[in-house]
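[1] quick one, what's the 3D model for this:
(one chain, ligands or ions: 1)
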Amino acid sequence: MDICHNAAADLEMVDDESEDEEPGSEDLPMSFEQLTEVKYRDSCFACKYINSSSLRENPEFVALMKLYTENAGSVSRPALFQLVKDHFDAYCRPVVQAEWSIACIEEHFTLHTNFPTDEVLKQLKVLVSIRNKMISTLLTRNVRTGEVKAHSNNIKNLITIQKEIRELLSFKKKLPTLLGYSEVLDF
Ligand SMILES: [Zn+2]
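    Predicted coordinates:
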């Protein structure tokens, strides 16, 4: 059974534009756990069946999660979800006798999880895009006189962004050494 639907539609946020307003008596501070909470679904195969004991018992579950964690950085999202779906259909569906649709796979890895590698990859993607666009703002050449001008603020900003990119890359390498990190589940 697969009744997964878009959990984003369930998420309602109120953007209060007034700044630094005193909290009312009904406004309680959110805990770290609440802040980082992700939306699990009983109807989602991975949320329901993937845990440390099921991973010990089913090597195919391990292979399934590794498909995601090992390819997330290099394969496009649609191709990645298809890889996961093909493996699930061939090796996991017979075990659990349940469906896991492409839509639900996408929702799982987008909304039900909080993988540190995903976060690092998202940040890297944004910063690398900005960096690539900035390259053309560093130097200008006057078409008539040929005079070249360096735009030092842009160069400084580029250096800051490149430093951040290097730090993210080295943090990504360090992730597996963090306490409690699971290579298979990437958390
Ligand atoms: Zn899920």
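
[2] now Ala46: how far from Pro29?
    As judged by C-beta to C-beta, to the nearest Å, Ala46 and Pro29 stand 31 Å apart. To be clear about C-beta, it is placed using only N, CA and C from the backbone, and glycine gets the same treatment.

[3] looking at those two, which one has more neighbours?
    Ala46 (24 against 7; other C-beta atoms under 10 Å).

[4] contacting residues around the closest residue to that one other than its chain neighbours?
    Using C-beta to C-beta, 6 or more residues apart in numbering and skipping the chain neighbours, the partner closest in space to Ala46 is His108 (5.0 Å). With contact set as C-beta atoms under 8 Å, 6 or more residues apart in numbering, His108 has these partners: 4, 41, 44-47.

[5] out of those, which two sit at the greatest distance?
    Cys4 and Ala46 (10.5 Å; C-beta to C-beta).

[6] which element, helix or strand, includes the residue most central in space within the chain?
    Centroid check for the chain by C-alpha atoms, centre = their mean gives Asp118 as the closest residue, at 2.9 Å. When elements are assigned from DSSP states H and E, Asp118 belongs to helix 116-134.

[7] which strands and helices sit next to that helix?
    helix 152-174 (3 or more C-beta pairs under 8 Å, 6 or more residues apart in numbering; DSSP states H and E).

[8] quick check: angle from the helix it packs on to helix 116-134?
    Angular relation of helix 152-174 and helix 116-134 on a 0 to 180 degree scale: 160 degrees, by axes from the mean of the first three to the mean of the last three C-alpha atoms, to 10 degrees.
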